[in-house]
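Participant: quick one: sequence and predicted model below, then my questions.
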Amino acid sequence: MKSTFAWLLAAIPVCFANCTSSKLDGPVQTKTSVQNSKSNTVAVNALNQTTIQFSGYTWIVKEPAGQQGPHNNYWSGDNVWVDSNGRLHLVLKKHNDTGRWECAEVRSTQLFGYGTYQWKIEGAVNALDKNIVLGLFNYSGNSRFDEMDIEFSRWGYPNAPILNYTVWPATGDTGISNVTYAKDFVMNGTYTTHRFRRDATSIHFQSLHGFQNGNVNQFETKTWTAPTSISTLQMPVHMNLWLFKAVPPSNGHAVEIIIHEFKFTPLS
């Protein structure tokens, strides 16, 4: 079933929202570079790439020299760190010297398949500026295919719903479009849990108040089953904080999102 906000689909990015914080600096975990691939990991190119350790996995930090997608944004490795308590910080802010707004993204070196993907998030993700996107997703890199998204964004429209679940079709299913479900919600505190479970025939999304490992305090859910096209591939996980159409926040505020945990539970 497609969202009643289908008119937004043309604006939603092919791949792949603002909770403010008084603290935009923190202890930076030592970062390393990776060059070689491992079994069940993404092959990394010959260029050194900055990595961090978070929730038991290695993550590559996005820091291109210039602008890059989604939406031709600037990205900075300085906007990503893991603090002494093991929490991942993603920051979107204006660079003091260049005046550019710089975004944040990490992707896992490990590939993930069927199972449950869960994030525990700190921040008022329901109150994001209309131009900001927070994305939590599984993605092969093949544009418009093989992607499952939990995204918080209003896609530039101040009154659009903030929570978006989206499934892009499997590679090869060229006659099938993506499906999306969008809703607004009111937070109960500053902590939320978001997850999806995918298998060969279905994908089930959930959002819950507080930090949960069960189904207590669920406030939103959506399930798609066949004939919706669902990728069978093992893919990396991405987490990013960026600007829709590279337009700065309308309120001019920097943003920090804190991810306490990412957990993957494979199908038994």
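Facilitator: Right, received. Where do you want to start?

Participant: over to the residue lying farthest from the centre of the chain. Which of the three states is it?
Facilitator: Most distant residue from the mean C-alpha position of the chain: residue 97, 27.7 Å away (CA atoms, centre = their mean). Secondary structure state of residue 97, per DSSP: H, G, I helix; E, B strand; the rest coil, is coil.

Participant: roughly how far does it sit from residue 78?
Facilitator: The gap separating residue 97 from residue 78 is 12 Å, by CB to CB, to the nearest Å. Every residue, glycine included, has its C-beta placed from N, CA and C.

Participant: for residue 248, same thing?
Facilitator: Using CB to CB, residue 248 is found at 18 Å from residue 78.

Participant: next one: residue 93
Facilitator: Residue 93 is 9 Å from residue 78, by CB to CB.

Participant: now swap in residue 231 and tell me
Facilitator: With the distance defined as CB to CB, residue 231 ends up 33 Å from residue 78.

Participant: between these two, which has more neighbouring residues?
Facilitator: residue 231 (24 against 15; other CB atoms under 10 Å).

Participant: name the helix or strand for the more buried one, please.
Facilitator: Using DSSP states H and E, residue 231 falls within no helix or strand.

Participant: my guess is it meets residue 139, correct?
Facilitator: No. Residue 231 is not in contact with residue 139 according to CB atoms under 8 Å; the separation is 9.2 Å.

Participant: joint contacts of those two?
Facilitator: 146, 147, 148 (CB atoms under 8 Å, 6 or more residues apart in numbering).

Participant: and of those, the nearest to residue 69?
Facilitator: residue 147 (13.6 Å; CB to CB).

Participant: show me the contacts for the closest residue to the closest one other than its chain neighbours.
Facilitator: Among residues not flanking residue 147 along the chain, residue 168 sits closest, at 4.0 Å (CB to CB, 6 or more residues apart in numbering). Residues in contact with residue 168 (CB under 8 Å, 6+ apart) are 144, 145, 146, 147, 148, 149, 178, 231.

Participant: then residue 212?
Facilitator: By CB under 8 Å, 6+ apart, the neighbours of residue 212 are residue 193.

Participant: which SSE is it in?
Facilitator: Using DSSP H and E, no helix or strand contains residue 212.
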